[in-house]
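**Q** just a sequence and a predicted model for now, questions to come.
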Amino acid sequence: MSALLEIEDLHFSYGDQVILKGVSLTVEQGQVVGILGTSGSGKSTLLRLIGGQIRPDRGSVRFMGKVVHEQSTEGLYRLRKDMGMMFQAGGLFSDLSVMENVAFTLREHTKLRQDLIELTALMKLESVGLRGAANLMPSELSGGMARRVALARAIAMDPKLSIYDEPFAGLDPISLNAVANLIRRLNDALGSTSIVVTYDVTESLKVADQIFLLADGRVVVHGTPTMMENSENPYAAQFIHAKAEGPVPFHVPAPALSAELDL
């Protein structure tokens, strides 16, 4: 396999707040890669750097052999056509039907005829089991259905890289399992490559080929799901097995409570 995405020594800060401190990882073509980490570990910032929304302080993101932050506006626009994004909150257009939501990307980026756009949108909805909901509005969908529509929109252009930002958040167990299986099945059927950013350890272990765990602005451990489950790395042991005690503290550092209360 060859690398579709290469991230090397990536550093980024928001002012004085350091977020990433030298992240390096490689995503091979055809893989589903899980990026795990606690809140504030830099997962969403990493996605913004991959998409070129922000520029790194140091290091590089190379997609399809091109350094993302070195691209012109037109070059970045072309690169993004090969990326599909399922947003954390779904991000469906509330005034467009399910069909029109999925067709939106095709209208923006292709010159296909209207009938071909609608046919392609229906095929994508069929792949996520929602062809029968094509004429519904987003307000008429359950949370799980809305996530599946967002997934269909993310793959509408058959992107080389599909990115899923917290695709399992807020879903009931049945919908969660269905979405997880869809990500794996669609990745393999389309010959795509997927990045799944999530807190959900159970589902990521089921669908991912490789997992990278972020903590303190770095990749602290990575490997296959089996390797991660059996890892003796303290970060992996705490996060994968949901241990309260470990290198990631529950309490934000603060003076002793007795001192704070003058006891």
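**A** That came through fine.
**Q** which helix runs longest in this structure?
**A** The longest helix of the chain (DSSP state H) is helix 173-190.
**Q** what sits against Ser142?
**A** With contact set as Cβ atoms under 8 Å, 6 or more residues apart in numbering, Ser142 has these partners: Ser175. All C-beta spots, glycine's among them, are computed from the backbone N, C-alpha and C.
**Q** name the SS class of the nearest residue to Ala236 once chain neighbours are set aside, please.
**A** Of all residues not flanking Ala236 in the chain, Val221 sits nearest, at 4.7 Å (Cβ to Cβ, 6 or more residues apart in numbering). Classification of Val221 using DSSP: H, G, I helix; E, B strand; the rest coil returns strand.
**Q** cool, Pro159 as well?
**A** Taking three-state DSSP as the rule, one finds Pro159 in the coil state.
**Q** for burial, what's the neighbour tally of it?
**A** Pro159: 20 surrounding residues under other Cβ atoms under 10 Å.
**Q** residues in contact with the nearest residue to it once chain neighbours are set aside?
**A** Excluding the flanking residues, the one nearest Pro159 by Cβ to Cβ, 6+ apart is Gly84, at 3.7 Å. Gly84 makes contacts with Arg153, Ala154, Ile155, Ala156, Met157, Pro159, Leu161, Ser162, Ile163, as judged by Cβ under 8 Å, 6+ apart.
**Q** quick revisit: average model confidence for the longest helix of the chain?
**A** Helix 173-190 comes out with an average pLDDT of 84.
**Q** repeat for stretch 127-141
**A** Mean pLDDT, stretch 127-141: 91.
**Q** and the longest helix of the chain, how far out from the chain middle?
**A** Averaging C-alpha coordinates over helix 173-190 and over its chain gives two centres that are 14 Å apart (Cα atoms, centre = their mean, to the nearest Å).
**Q** again, but for stretch 95-107
**A** A distance of 21 Å separates the centroid of the chain from that of stretch 95-107, by Cα atoms, centre = their mean.
**Q** got it, and stretch 45-61?
**A** Here stretch 45-61 shows a centroid-to-chain-centroid distance of 14 Å under the convention Cα atoms, centre = their mean.
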